[in-house]
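*Asks:* no sequence for this one, just the structure:
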């Protein structure tokens, strides 16, 4: 039973990753099932090496499934037409009781390209050069997407905890926060 439970949890983790990348649980099911079916041997599928490979396949297939939306979002990010969200004060910290569901809700409210940049670079620890291939974008645009995504994610999580923005903060403060956040944050450990 333990092996079955581990397999089920790993499949659920792949589905969650695909959902976050595509923004659609139904598309995520299709992507996850395709990857698991392509392995053939379900017992060997979730060995450590195969599990890492499966994550890469899910990422590639999920991004391909939302290719048009991703390209449009990349254009919006490049043009910078969106207003930047106000940020909570530097003293703000994520509450310990924040759930996976809270994180999912906040992430899914971020536009797909910045969300993918955050997921790939910070959560999955994908090297920038590999993310550039997966997202079909220049590294500078991916870094910009990561910054936009982190500001949006931080703002949304803070608002979920009851923080209300005052008047819009200066862009200088937002840029300082982005620099500190991106530079000092290690990739998220999913274990």
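*Replies:* Received it, and whenever you're ready, just let me know what you need. Because the structure is predicted, anything quoted here is derived from the model rather than measured. Residues are numbered from 1 along each chain as shown.

*Asks:* nearest spatial neighbour of the residue nearest the centre of the chain, skipping sequence neighbours?
*Replies:* For the chain, residue 119 is the residue whose C-alpha lies nearest the centre (CA atoms, centre = their mean; 2.5 Å). Leaving aside its sequence neighbours, residue 119 sits nearest to residue 20 (CB to CB, 6 or more residues apart in numbering; 5.8 Å). Quick note: C-beta positions are derived from backbone N, CA and C, even for glycine.

*Asks:* now do the phi/psi pair for the one you found.
*Replies:* With angles defined as degrees, to the nearest 10, residue 20 sits at phi -60, psi -40.

*Asks:* just the pLDDT for it.
*Replies:* The model reports residue 20 with a pLDDT of 94.

*Asks:* let me know how buried residue 53 is, in neighbour terms.
*Replies:* Per other CB atoms under 10 Å, the neighbour tally for residue 53 reads 14.

*Asks:* cool, residue 143 as well?
*Replies:* 17.

*Asks:* in three-state terms, label it for me.
*Replies:* Using DSSP: H, G, I helix; E, B strand; the rest coil, the structure places residue 143 in helix.

*Asks:* before we move on, the earlier item: Three-state assignment for the residue nearest to the centre of the chain, please.
*Replies:* Reduced to three states by three-state DSSP, residue 119 is helix.

*Asks:* so it touches residue 22, yeah?
*Replies:* No. Using CB atoms under 8 Å, residue 119 is not in contact with residue 22; the gap is 11.0 Å.

*Asks:* mind listing what residue 126 touches?
*Replies:* By CB atoms under 8 Å, 6 or more residues apart in numbering, the contact set of residue 126 is 59, 120, 134.

*Asks:* and the first one, what's its pLDDT?
*Replies:* Read that as residue 59. At residue 59, pLDDT is 95.

*Asks:* so who does it touch?
*Replies:* 17, 21, 120, 124, 126, 134.

*Asks:* contact partners of the helix or strand containing residue 129?
*Replies:* Assigned by DSSP states H and E, residue 129 belongs to helix 128-135. Here helix 128-135 makes contact (CB under 8 Å, 6+ apart) with 59-60, 63, 70, 74, 113, 116-117, 120-121, 126, 138-139, 142-143, 145.
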